[in-house]
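# coords below, sequence missing:
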């Protein structure tokens, strides 16, 4: 028994009959029990309290562009402070240089070839539990706040929202053409949303994921970072993201959530910045796009407190989830491709881990996918023209020492073969809607319809090596960003340069065709879209666009054929059905026109255009009574639509009801005058 408590007990026994002394005794005992006799309130034993968990992913963040990683051309005081409070991993690697794929890895602890989210809109299988699901089972309150539509769980990242009580998706329909709020959110906007949710849900424990997209191109940091970092705006975006993170960390400290929390900050992938001729990311597996910063801030005062400040051993982003589960005492799922890094915190294990790399994004251009192994200071990249680097003497990966008989090359090849053998069957490609394709373009990625990712080549190594085509990708990316900013002349120039390099480039032909269609140069649009379809006959959207262009040039038969082709590939296209119906009307085939309009109406039952199209076809067929019935109903719901009454006049006249025809015509004229 503590001395103070024993003294109080003796005192109570000796003075039990004295009410005054009894009152004093109880007061002393109460003060002692509550710990208020000390001048400073002691902190609770946080080791017995479930820690809050905060995951911060900073998109497109290279490790070597963070101040605490030795980069002097940027100020990142918040990241530096977290590193000072925690553990910084100097050699952390992501397996994927694409946002949705790399985040699926972070959230599941699985390689892309295991979780199968290797393309946009591919659903994450329910068989792979996520952070949120695993912590939700431990009574955690869970929320996610994303900075770009590429992680929207309704469209491009289905399944990533599993286990989250709240997942802050983007609005389904945006009222702005600006990229802000439509496809991207500023970092400060993201953290303010997270802070608002935490304020409304103060009871813990919490798991909150905050995704800061700002360092992703285009590099457009707000003032004053646009001026401070003029000339190296990528660094300006990083500095701005760090300032947004400062707001969030400050909020956590203010509300007492910081100390007893696990805070993980990690880049999802890096950025090429021209190294190996790659301007952005997604194509290659060099360290420029796979080496990411990773910082762990551990709960204060508990058994999990780290003694090591910097871990030099090679680790992977697949290791993050197992580590967090270990720290909070949660059981791990049956399958993980990573392992806990907790032994590194105490310095009991400093062994490096093998890092795999995988990218299927080149397939979208019709090029070979890449795979890599990084271990023991060596790196092997499996490609049509393989690469092998000694990273200890060639950190920039410029001196390819590949020889097929090299023992290490053969060992690494065997590792990749084993990995392929263990991978589950590839899922069906994700379905990317046309509106979502536009969002992908706005973010600088090709949509499925653009890419020609489907290939009949049975062996990927027979596809072109991305190293030989990287300049095309840079130009295509520049064209997409120019088009997004309405710099259409620049976009056309970039696309024409691509066609000089490869006259059969499917993405260039497709994009140029769309630009010319939008500009009203229908003959040129039709020509480019025809070339795109010759390269990829199963591109339903390109066929639809070609049909639009041919209809505008009055090549009705060609338009009919293109639209029929498009609808065979993708039957549920309302605009294509509607246009094909109009084309059939112009071709004097009202029965076929009515069929297409009826099909369109099934897709959109409230469509006035489809209902008018049916009436036009019925009038052309001489089915005046059917047309009148259709138009009478429409006139009640569309009393100010002059087109309805014009058609009604034709139907009445065809059925011999001249008086009603005159009345309908007069109503149409009246409505026209007031339009």
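Everything's here; your move. All values reported here derive from a predicted model rather than from experimental measurement.
# And the residue nearest the centre of the chain?
residue 150 (2.4 Å; Cα atoms, centre = their mean).
# Would you mark the buried spots in stretch 618-636?
The neighbour-count criterion (16 or more other Cβ atoms under 10 Å) identifies 618-620, 623-624, 626-628, 630-631, 634-635 as the buried residues of stretch 618-636. (Glycine included, C-beta is placed from N, CA and C.)
# chain center to that stretch: distance?
Per Cα atoms, centre = their mean, to the nearest Å, the displacement of stretch 618-636 from the mean C-alpha position of its chain is 48 Å.
# Likewise for stretch 592-605?
Between the centre of stretch 592-605 and the centre of its chain there are 35 Å (Cα atoms, centre = their mean).
# The stretch 201-350 of the chain: strands as residue ranges?
Secondary structure of the stretch 201-350 of the chain (DSSP state E, counting those that start in this stretch): strands at 206-212, 261-267, 291-297, 310-316.
# Same list (those strands) but as CSV, adding mean pLDDT.
Written out in CSV, the entries for the strands of the stretch 201-350 of the chain read as follows (pLDDT from 0 to 100):
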stretch, mean pLDDT
strand 206-212, 98
strand 261-267, 98
strand 291-297, 98
strand 310-316, 97
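# Now do the same for the longest helix belonging to the chain: mean pLDDT, whole number.
When every helix of the chain is counted residue by residue (DSSP state H), the longest turns out to be helix 233-254. Per-residue pLDDT values over helix 233-254 give a mean of 98.
# Please identify the buried residues of it?
233-249, 251-252.
# Helices along the stretch 501-650 of the chain, start to end?
Residue ranges of the helices in the stretch 501-650 of the chain, as given by DSSP state H, counting those that start in this stretch, are 506-519, 522-535, 540-552, 556-569, 574-586, 590-603, 608-621, 624-637, 642-654.
# nearest to residue 380, of those?
The closest approach between residue 380 and any of those, judged by Cβ to Cβ, belongs to helix 506-519 at 29.1 Å.
# From the contact counts, what lies against the closest one?
Helix 506-519 is packed against helix 448-451, helix 470-484, helix 488-501, helix 522-535, helix 540-552, with contacts defined by 3 or more Cβ pairs under 8 Å, 6 or more residues apart in numbering; DSSP states H and E.
# Need the residues that contact that helix.
With Cβ atoms under 8 Å, 6 or more residues apart in numbering as the contact definition, helix 506-519 has outside contacts at 364-366, 446, 449-452, 472, 475-476, 479-480, 483, 488, 491-492, 495-496, 498-499, 502, 522, 524-529, 531-532, 535-536, 539, 542, 545-546, 548-549.
# hmm, back to that, what residues does the residue nearest to the centre of the chain make contact with?
Taking Cβ under 8 Å, 6+ apart as the definition of contact, the neighbours of residue 150 are 99-100, 120, 156-157, 439-440, 443, 445.
# and the contacts of helix 506-519, which are buried?
When neighbours are counted using 16+ other Cβ under 10 Å, the contacts of helix 506-519 contain these buried positions: 364-366, 446, 449-452, 472, 475-476, 479-480, 483, 491-492, 495, 498-499, 502, 522, 524-529, 531-532, 535-536, 539, 542, 545-546, 548-549.
# Setting aside sequence neighbours, what's the nearest residue to residue 52?
Among residues not flanking residue 52 along the chain, residue 261 sits closest, at 4.2 Å (Cβ to Cβ, 6 or more residues apart in numbering).
# Am I right that the one you found is in contact with residue 251?
No. Counting by Cβ atoms under 8 Å, no contact exists between residue 261 and residue 251, whose distance comes to 11.9 Å.
# circling back: quick one: residues contacting the residue nearest to residue 52.
Residues counted as contacts of residue 261 (Cβ under 8 Å, 6+ apart) are 51-54, 252, 297, 299.
# In JSON lines: those residues, plus distance to residue 340.
Below are these laid out as JSON lines (distance: Cβ to Cβ, whole Å):
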{"residue": "51", "distance to residue 340": "15"}
{"residue": "52", "distance to residue 340": "19"}
{"residue": "53", "distance to residue 340": "14"}
{"residue": "54", "distance to residue 340": "18"}
{"residue": "252", "distance to residue 340": "24"}
{"residue": "297", "distance to residue 340": "17"}
{"residue": "299", "distance to residue 340": "15"}
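# what residue ranges in this protein score low on pLDDT?
Low-confidence segments of the chain, defined by pLDDT under 70: 1-48, 301-306, 426-436, 446-461.
# how about stretch 594-609: buried residues?
Taking 16+ other Cβ under 10 Å as the neighbour-count basis, stretch 594-609 is seen to contain the buried residues 594-597, 599-601, 607, 609.
# right, and out of those residues, which lies closest to residue 169?
Minimum distance to residue 169 across the buried residues of stretch 594-609 is 27.1 Å, recorded for residue 607 (Cβ to Cβ).
# Wasn't residue 417 part of a helix?
Yes. Applying DSSP: H, G, I helix; E, B strand; the rest coil, one finds residue 417 inside a helix.
# For the closest residue to residue 650 other than its chain neighbours, give its distance to residue 219.
Closest residue in space to residue 650, ignoring its immediate chain neighbours: residue 619 at 5.4 Å, by Cβ to Cβ, 6+ apart. Summarising the geometry, the distance separating residue 619 from residue 219, computed by Cβ to Cβ, to the nearest Å, is 57 Å.
# re earlier: my guess is the residue nearest to residue 650 contacts residue 654. True?
Yes. Checked against Cβ under 8 Å, the pair residue 619 and residue 654 is within contact range at 6.3 Å.
# any common contacting residues for these two?
Contact criterion Cβ under 8 Å, 6+ apart; residues bridging residue 619 and residue 654 by contacting each: residue 627.
# secondary structure class for the residue nearest to the centre of the chain?
Per three-state DSSP, residue 150 ends up helix.
# Please report the distance of it from residue 78.
Spatial separation of residue 150 from residue 78 under the definition Cβ to Cβ is 24 Å.
# do the same with residue 484
Plainly put, residue 484 is 30 Å away from residue 78 if you go by Cβ to Cβ.
# The two: which has the busier surroundings?
Set residue 484 next to residue 78 and count neighbours by other Cβ atoms under 10 Å: residue 78 wins out with 21 against 18.
# Please name the bridge partners of residue 145.
In this structure, residue 145 bridges to residue 168, residue 210 when assessed by DSSP bridges.
# Might you report the residue contacts of it?
The neighbours of residue 145, taking Cβ under 8 Å, 6+ apart as the test, are 168, 190-191, 193-194, 197, 208-211.
# make it 7 Å
With contacts defined as Cβ atoms under 7 Å, 6 or more residues apart in numbering, residue 145 is in contact with 168, 190, 193-194, 209-211.
# now residue 235
65, 73-74, 229.
# Just confirm residue 608 contacts residue 638, I think it does.
Yes. Taking Cβ atoms under 7 Å as the contact criterion, residue 608 and residue 638 are neighbours in contact, 6.1 Å apart.
# What count of nearby residues applies to residue 272?
Residues lying near residue 272 (other Cβ under 10 Å) number 22.
# Sorry, wrong one. I was asking about residue 500.
Taking other Cβ under 10 Å as the criterion, the count of residues near residue 500 is 12.
# show me where the stretch 301-450 of the chain has helices.
Assigned by DSSP H, counting those that start in this stretch, the stretch 301-450 of the chain shows helices spanning 320-328, 342-346, 407-422, 434-442, 448-451.
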